[in-house]
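Peer 1: after the sequence you'll find the predicted model.
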Amino acid sequence: MSATCVFCRIVEGTIPSTRVYEDSDVLAFMDINPVTKGHTLVIPKAHHDPVTEMPLPLLQHVISVVQRIAQAHFTGLKADGINITQANGEIAGQVIPHVHFHVVPRYKGDKHSWIAPQMKYDTDGELKQFADAVKNALAK
């Protein structure tokens, strides 16, 4: 646990939250600044950041809870769709440096959009260069 981490303090109960799921390793609670009503955060109780440093069994358990919360949005909230997001690093939009997943129910007419302009590679060679960099990193 980190004494300065907002999510660690929520886990400890020193900051109030509206919890919807909890087990020994994972906590899911309502976002107090929701993108849409029903927006839920799913976190590991232990402090981890970034997601690439999280133990795989814990990450698998967290994502299984994310899946359950998404299903609960469909059935309990009658959501028309679901966005699931997870950011790492400030440049990616991460505000709290503790691994967390946003499960955001979407409703027809909710007027929210995450659709961003798409980029293009300058050449097929540039596309291959990026692909090779990823493949080489995976081979290590």
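Peer 2: The structure has been received and is ready for your questions.

Peer 1: and the longest helix anywhere in the chain, how far out from the chain middle?
Peer 2: Using DSSP state H, we find that the single longest helix of the chain is helix 56-76. Using Cα atoms, centre = their mean, to the nearest Å, the mean C-alpha position of helix 56-76 is found 11 Å from that of the whole chain.

Peer 1: after it, which helix or strand is next?
Peer 2: Heading C-terminal from helix 56-76, the first helix or strand you meet, by DSSP states H and E, is strand 81-85.

Peer 1: that next one: partners in the sheet, and parallel or antiparallel?
Peer 2: strand 101-106 (antiparallel) (DSSP bridges).

Peer 1: now the partner strand: buried residues?
Peer 2: With burial defined by 16 or more other Cβ atoms under 10 Å, the residues of strand 101-106 counted as buried are 101-106. The C-beta positions use only the backbone N, C-alpha and C, and glycine is treated the same way.

Peer 1: and for stretch 33-44?
Peer 2: Using 16+ other Cβ under 10 Å as the test for burial, stretch 33-44 gives 35-36, 38-44.

Peer 1: just the C-alpha atoms of that stretch, please, in PDB.
Peer 2: Extracted in PDB, the C-alpha atoms of stretch 33-44 (Å, rounded to 0.1, in the frame of the first residue of the first chain):
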ATOM      1  CA  ASN A  33     -16.700  11.700 -11.700                       C
ATOM      2  CA  PRO A  34     -18.400   9.300 -14.100                       C
ATOM      3  CA  VAL A  35     -18.100   9.500 -17.900                       C
ATOM      4  CA  THR A  36     -21.700   8.100 -17.900                       C
ATOM      5  CA  LYS A  37     -23.800   7.000 -14.900                       C
ATOM      6  CA  GLY A  38     -22.700   3.600 -13.700                       C
ATOM      7  CA  HIS A  39     -19.000   4.200 -14.500                       C
ATOM      8  CA  THR A  40     -17.100   1.700 -12.400                       C
ATOM      9  CA  LEU A  41     -13.400   1.400 -11.500                       C
ATOM     10  CA  VAL A  42     -11.800  -2.000 -10.900                       C
ATOM     11  CA  ILE A  43      -8.500  -2.100  -9.100                       C
ATOM     12  CA  PRO A  44      -6.100  -4.600  -7.500                       C
END
